[in-house]
Structure formats: C-alpha cells, structure tokens
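J.: Structure, please.
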Amino acid sequence: MPIALSSKPVSIAALALLATLGLTSYSVAQTSAAANCALEIIEDAEQEMALLGKARQDDVCAANSLGYYYYTQQNYRPSLEWWGKAADLGHARAALEMAMIHRDGLIPDPDLAEMNHRLRQAAELGQVHAQLELGLNYSEGSGVGKDLEQAMYWFEQAARQDYAAAQYLLGWYYWTDERGMDDIQGPYASNDDKALYWTCLSAQQNDPEAQYELSKAYSIGRGNLTADQDQRAAWRQKAADNGSEEALDEIAQLSNDTWYTRLERWGQKLFKPATEASCADDPRVLQDE
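T.: Numbering: from 1, shown residues only. Prediction:
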C-alpha cells in the first residue's frame, strides 16, 4: 500500500500516492552508470538460461532483465535476488524496484529497513522517484527515524532535477506558518522566500497542488508575499483547470454567491484585463545555502 501521510494535509497525502504510481513501468530514464541497459524481454527457457549465465558473471543488464522477468511472473524472491545484484552493480532503477516490493508488501514479512536501504542506494545514484520516496519516509518516520532535515534534503535533490512533486513538497515544508514549534536550524530552517520559490517552480510545471497553494498564499499575503486577489484568482483557475478538487470546490462556492455579488464580479472582469498568473522564481533566494 502507498505510504500514508495522515498527519499532513490531504493534498500531501494525495501527492504521496500519485508520486509512487507507475514505478515498475520502466518509463523513467536511468540516471546511474547502468542507465544504458536495454531491458531484454525473456520469451523462453533458453533465453532465461543465457541471461542467468551472464548475470552470474556480473552483467548488470542481464541481472536487471532477470529481476524484471521474475517480477512479471510474480516470483518476487528471485526478482529481489537479481535486482539486488543489478543494484549493487550500480543500477538505480533496480534498487528502486526492490524498495517498492517491500513497500507494497509483495513478499511475506516485508523489510522496511531493507526498503529504505535500497531507496537510499537508488537516491544516491540520482533516481528522482527514490529521492522523493525517501524524503516521504523521513517526513513520516516510515522505517526510519522521523527527520525533517533529511526529508527536505531528499526533496531538494529531486526538486533540483525539476521534479514538480518534490518542488511542491519542499516549498510546503519551508512555509514558516506550517512549521510552528517544529522549526529547525541550518539550511532547512523555515523560509517563506524559499517556500515561494519552490512552489512557484512546481506551479509553472502545472502541478495543481502547487498552483492552489499559490492561490492561498496570494489570498492572505503569506510570509513576505503581498496579498493580491487577482493573482489568487488566476492561480486558483489554473489549479482548477488541472484538476485540483480544492480549487474546483472554491470556485463552486463562489458560484453560490448572491446574484448581485456575481454581477459585480462579472462587471469587474468585463472592464479589467485578465491577470496572468505569475510568481517569484528568482534563484537568488537560495544563495545563502
């Protein structure tokens, strides 16, 4: 099952689920030294035996192909064995797939410590999904000690690879009013400018959660951000267009206003140019890191 984030807002929990979809699709490019491995689809016993011979000679691509083959057969123990071989030879995606087998409980007595070991192995090789997943585990203490600084570190590694989901999460944790008494010192101390920067980058990639977060920020002038109701409406509409249920609900509530309020709002739109959604994405806010 996906990692539950019950102590965080619903949007964070939904993102945790979405971020883990499709992790066995091989649709994400490898970032390790084994990135150029072509996945060989096994079609008969002779081909399987040939790959076994290569894998036993430390052929990383053969080991990865065997891991995938046994996974598709729902034969998870040999899948873990050969993906483990590939991971130890530098195949980041194989390490991630091993972690997902443990996370999803596909074997009896899944090992959360092994899950996080393999996630870290993949994350250190630059695998962006592993970086996000490891950050989520540290944020909730899933198989590791709860550690906000480690969580933000791994979110940042993925965010710097332009992963919108990680940018949103990193920004969310930087907001001062979200931190409260749990603030930490050092590079990951609460910082509204950094929160806005990372949320802005995510929103510009059409992440609906980030877009709605910006709408809320502009509604009240969060942190150092000046309140701007036009920007609030512009980002809310973008979030709604991209499927944000919160934004859609808010727009639906506006439609229930009195007829004269709706008429006033319509008149304002008619005689005022539409506001283009914008936000602060100046990387100089990161210069103190």
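
J.: C-terminal to the least confident helix or strand in the chain by mean pLDDT, what's the next element?
T.: When each helix and strand of the chain is scored by mean pLDDT, DSSP states H and E, helix 10-19 comes last, with a mean of 43. Moving toward the C-terminus from helix 10-19, the next helix or strand (DSSP states H and E) is helix 45-56.

J.: Buried residues, that following helix. List them.
T.: For helix 45-56, the neighbour count (16 or more other CB atoms under 10 Å) marks 51, 54, 55 as buried. In short, each C-beta sits where N, CA and C put it, glycine included.

J.: average pLDDT for it?
T.: Helix 45-56 shows a mean pLDDT of 96 in the predicted model.

J.: quick one, helices of the stretch 151-289 of the chain?
T.: Secondary structure of the stretch 151-289 of the chain (DSSP state H, counting those that start in this stretch): helices located at 164-174, 176-179, 192-204, 208-220, 229-241, 245-254, 259-271.

J.: Now for residue 65: which residues touch it?
T.: 37, 39, 40, 41, 42, 51 (CB atoms under 8 Å, 6 or more residues apart in numbering).

J.: With respect to residue 97, which of these is nearest?
T.: residue 39 (11.6 Å; CB to CB).

J.: Retrieve the pLDDT associated with that closest one.
T.: We have a pLDDT of 91 for residue 39.

J.: Now do it against residue 120, distance only.
T.: Using CB to CB, to the nearest Å, one gets 24 Å for the distance from residue 39 to residue 120.

J.: the more surrounded of these two?
T.: The neighbour comparison of residue 39 against residue 120 (other CB atoms under 10 Å) goes to residue 120, with 18 against 11.

J.: residue ranges with poor pLDDT in the stretch 1-150 of the chain?
T.: Low-confidence segments of the stretch 1-150 of the chain, defined by pLDDT under 70: 1-35.

J.: Run through the residues that contact residue 251.
T.: By CB under 8 Å, 6+ apart, residue 251 lies in contact with 236, 237, 240.

J.: Which one (most neighbours) among the residues you listed?
T.: Ranking the contacts of residue 251 using other CB under 10 Å puts residue 236 first, with 25 neighbours.

J.: and that residue, how far is that from residue 164?
T.: Counting by CB to CB, the gap from residue 236 to residue 164 is 18 Å.

J.: If you count neighbours, what's buried in stretch 64-75?
T.: 64, 65, 66, 67, 68, 69, 70, 71.

J.: do stretch 279-289 as well
T.: Result for stretch 279-289 [16+ other CB under 10 Å]: buried residues 279, 285.

J.: hmm, who's touching stretch 147-160?
T.: With CB under 8 Å, 6+ apart, stretch 147-160 has contacts from 123, 126, 128-129, 131-132, 134-139, 141, 144, 165-167, 169-170, 173-174, 182, 184, 186, 188, 198, 201.

J.: could you redo the last one with a cut-off of 7 Å?
T.: Contacts with stretch 147-160, where a contact means CB atoms under 7 Å, 6 or more residues apart in numbering, come from 123, 128, 131-132, 134-135, 138-139, 166-167, 169-170, 173, 182, 184, 188, 198.

J.: between the contacts of residue 251, which is closest to residue 115?
T.: Once CB to CB is applied, the member of these that ends up nearest residue 115 is residue 240, at 36.2 Å.
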